[in-house]
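# Quick one, what's the 3D model for this:
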Amino acid sequence: MLFIGMIIYLSAVENITSEALSKLELVAELKEDQVVSIIGQNLERLSGVTSRTQLRKSIYDYNKTGAQKHVDRITNIIGDAKDSIPDFLEIAVFSPSGERIAFSSKVTEDFDSIDLETIAEGVTEAELHLLVDDQGLASLLLSGPLQFEEQNIGSLIIRTKTDSLDKISEVKGLTDTFDVLIAVRDENGDAVFVTDRRFGHDSDARPIIPKEETNIPITQALLKNEILLKSAVDYRGQEVMAVTRYIDSQDWGLVVKIDTSEPIGHLQQLQRLVLFIGLVSLTIVMFIATFVAKSISNPIQNLTKVSDDISRGKLDSVIDKNIANSKDEIGDLARAFDRTVASLKLAMVQTGEMKAEKSTEKAEPKKAEEAAPGIKFEAPAGPASVPPVEPPSDPQAPTES
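As a prediction, the model looks like this:
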C-alpha cells in the first residue's frame, strides 16, 4: 500500500512539474518577444531623431563655424524631440571627437554621472545600452551616429525610461511566486539585475550574481544556455523551477521562474496522507501477521507439549479444548491426536487385562497343590494323543504267498 502510494505521489509530482515547466516556457517565449519588440521600438525612436534633417544640418554648420546660434538651434530641435516622446528623459549631442555640443534640458545628476563621452566616441551604429550605477539605478540609453552628406558629424545619445522593461517583470494575475528577471553583465562578467525583483525592495542594492555560480538560472541565461530547470536555486536561495532565455542582440539574460513549493505544495498533503495510510496499513498488517503466527504456533506448541507428556507416560495430559474444537487444519490434527491417544490408552488397558488373566491361570494350579498335597496338578498340555487306526482288511484282496 505504501509502495503504491509513493508511486502515485512521484508520478503526480512529475506530471505537475512538467506542466509547470511548459507554462513557464510559454511565458518565457512571450516575454522574450516583448523584450525584442521593446528594443526594436526604442531603436526606431532613436532613428526618428537622428534622421531629422534640420538637426543634422545645424550640427554640420556648428562643426564648421562653432557659432552659438547653431547650438541654440540644436538645443531647440532635440528639446522638441524630447517633448514629443514622453519616455525620453534627456537627449545629448556630441561632436565626432566626443565633445558635448548640446543637451535637451538641464543635465540631471544621474545623467551626468554616466560616461557619455566614452559611449559617444564608440558609436558606429544604432545601439541600446542598459546600465546600472553603484546605487543600483538602471538607465536605458539609446546611441546612434549622425551623418550629413555622407560625413560623420557626431553622435546622439538618449536616456529613456525603463518602464517598458519593468512592465515585462509585472506578474499581475499570475501565481504568488512567479517572477520575471532581466540581467546584464558588469565589467567583471557577473550578472546584475536591471528589472525590479518581485521579492526585492527598493532600498535593497541590486544583487550581483558571480559568474561562477552556475547553479543560479540567471547565470545560465547569460552563458547563452536556453534550458528548462526542474530544480535550481534563485538569488534568494530558494529552490525554483525556471526557464532561461538569452537576448543575443543585447547580451542580456532573461529568466522566468516559480518556487518549486508552489505547484507541488498541495501534493505535500497527499504525501503526508500516503505516509499516514502506509503506516496505518503497516501496523494493521503487523498486527494480523502476529495474530496469525500466534494462532498457528500456540496450538503447535500445545500439541508438542502433550506429545512430550505422553512419551513420558503421562496419558492424562490433554489438548486444549479450544484447539481441539477449532474448525481448521490444526483442529483436525488435534482431534486425530486425541483419537490416537485414546487408542493408545485402550491398547494399554487391554494389555493389562491380558497380563492379569495369565497371572490368574498360573496361580490356580498352585493353589490346588496347596489344598491337596501329594497330588500333582498339571495344566492340560493340549489334546490327548490317539493311536493310529488301521483300515479294515478286504477279504477279496489277494494275499501274499
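# which intervals of the stretch 101-250 of the chain have sub-threshold pLDDT?
Across the stretch 101-250 of the chain, the stretches falling below the confidence threshold (pLDDT under 70) are 106-115, 117-118, 120-122, 133-136, 171-174, 200-206.
# Which parts of the protein are strands?
Listed in chain order, the strands of the chain (DSSP state E) span 88-94, 100-103, 127-132, 138-148, 151-160, 179-185, 191-193, 208-209, 228-233, 239-247, 252-259.
# so how far is the second one off the chain centroid?
For strand 100-103, the gap between its own C-alpha mean and the chain's C-alpha mean amounts to 59 Å (CA atoms, centre = their mean, to the nearest Å).
# Show me what that strand is packed up against.
In terms of contacts (3 or more CB pairs under 8 Å, 6 or more residues apart in numbering; DSSP states H and E), strand 100-103 is packed against helix 68-84, strand 88-94. Bear in mind the C-beta positions are built from the backbone N, C-alpha and C, glycine included.
# Correct me if wrong: residue 104 contacts residue 78.
Yes. Checked against CB atoms under 8 Å, the pair residue 104 and residue 78 is within contact range at 4.5 Å.
# Have a look at those two and say which one is more surrounded.
Between residue 104 and residue 78, counted using other CB atoms under 10 Å, the more crowded position is residue 78 (26 against 23).
# mind listing what the more buried one touches?
With contact set as CB atoms under 8 Å, 6 or more residues apart in numbering, residue 78 has these partners: 49, 55, 91, 92, 93, 102, 103, 104, 156.
# who's the fifth one bridged to?
What that stands for is residue 93. Beta-bridge pairing of residue 93, defined through DSSP bridges, involves residue 102, residue 156.
# That one and residue 245: what is the separation?
Between residue 93 and residue 245 the computed distance is 35 Å (CB to CB, to the nearest Å).
# what's the answer for the first one, then?
Using CB to CB, we find residue 49 at a distance of 30 Å from residue 245.
# swap in the third one?
Applying CB to CB, the value for residue 91 to residue 245 is 31 Å.
# One more: the last one?
In this structure, residue 156 and residue 245 are 30 Å apart, going by CB to CB.
# More neighbours: the two, which one.
For residue 156 against residue 245, the residue with the higher neighbour count under other CB under 10 Å is residue 156, and the figures read 28 against 22.
# That one contacts residue 88, doesn't it?
No. With contacts counted by CB under 8 Å, residue 156 stays clear of residue 88, the gap being 11.4 Å.
# and residue 339, how many neighbours does it have?
Residue 339 has 10 neighbours, counted by other CB under 10 Å.
# Over to residue 224?
12.
# again with the one 5 residues further on
Around residue 229 sit 20 other residues, with neighbours defined as other CB under 10 Å.
# beta partners for it?
Here residue 229, judged by DSSP bridges, has bridge partners residue 242.
# Could you verify my assumption that it touches residue 255?
No. With contacts counted by CB under 8 Å, residue 229 stays clear of residue 255, the gap being 9.2 Å.
# Overlap of the contact sets of the two?
The contact lists of residue 229 and residue 255 share 217, 242, 243, 244, where a contact means CB under 8 Å, 6+ apart.
# For the residue nearest to residue 251 when sequence neighbours are not counted, list each beta-bridge partner.
Taking CB to CB, 6 or more residues apart in numbering as the measure, residue 251 lies nearest to residue 185, with 6.6 Å between them; neighbours along the chain are not counted. Here residue 185 shows beta-bridge partners residue 191, assigned using DSSP bridges.
# neighbours around the residue nearest to residue 70 when sequence neighbours are not counted, how many?
For residue 70, the nearest residue in space outside its immediate sequence neighbours is residue 62; the separation is 3.7 Å by CB to CB, 6+ apart. Residue 62 is flanked by 22 other residues according to other CB under 10 Å.
# got the contact list for residue 62?
When contacts are counted by CB under 8 Å, 6+ apart, residue 62 touches 70, 71, 74, 101.
# quick one: pLDDT of it?
Per-residue pLDDT puts residue 62 at 94.
# how far away is it from residue 142?
In this structure, residue 62 and residue 142 are separated by 22 Å, where distance is defined by CB to CB.
# and what of residue 151?
As for residue 151, its distance to residue 142 is 22 Å (criterion: CB to CB).
# And for residue 187?
Counting by CB to CB - residue 187 and residue 142 are separated by 21 Å.
# Show me which of these two is the more surrounded one.
Between residue 187 and residue 142, counted using other CB under 10 Å, residue 142 has the larger neighbour count: 23 against 5.
# Isn't that one up against residue 45?
Yes. Here residue 142 lies in contact with residue 45, judged by CB under 8 Å, at a distance of 7.2 Å.
# which residues are common contacts for the two?
With contacts defined as CB under 8 Å, 6+ apart, the residues adjacent to both residue 142 and residue 45 are 158, 160.
# show me the contacts for the residue nearest to residue 81 when sequence neighbours are not counted.
What sits nearest to residue 81 in space, not counting adjacent residues and going by CB to CB, 6+ apart, is residue 49, at 4.8 Å. Residues in contact with residue 49 (CB under 8 Å, 6+ apart) are 55, 78, 81, 91, 156, 158.
# Look up how far residue 72 lies from residue 49.
From residue 49 to residue 72 the distance is 18 Å (CB to CB).
# can you check residue 346 too?
Here the criterion is CB to CB. By it, residue 346 lies 141 Å from residue 72.
# Any chance of a markdown table for the contacts of residue 49, columns distance to residue 251?
Putting those into a markdown table (distance: CB to CB, whole Å) gives the following:
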| residue | distance to residue 251 |
| --- | --- |
| 55 | 30 |
| 78 | 28 |
| 81 | 28 |
| 91 | 25 |
| 156 | 22 |
| 158 | 20 |
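# which one among those residues gets closest to residue 333?
Using CB to CB, residue 158 is the member of these that sits closest to residue 333, with 101.6 Å.
# so the closest one touches residue 129, yeah?
No. Taking contact to mean CB under 8 Å, the distance of 10.4 Å between residue 158 and residue 129 leaves them out of contact.
# Name the residue in those two with the higher neighbour count.
Neighbour totals were compared for residue 158 and residue 129, and residue 158 leads with 26 against 15 (other CB under 10 Å).
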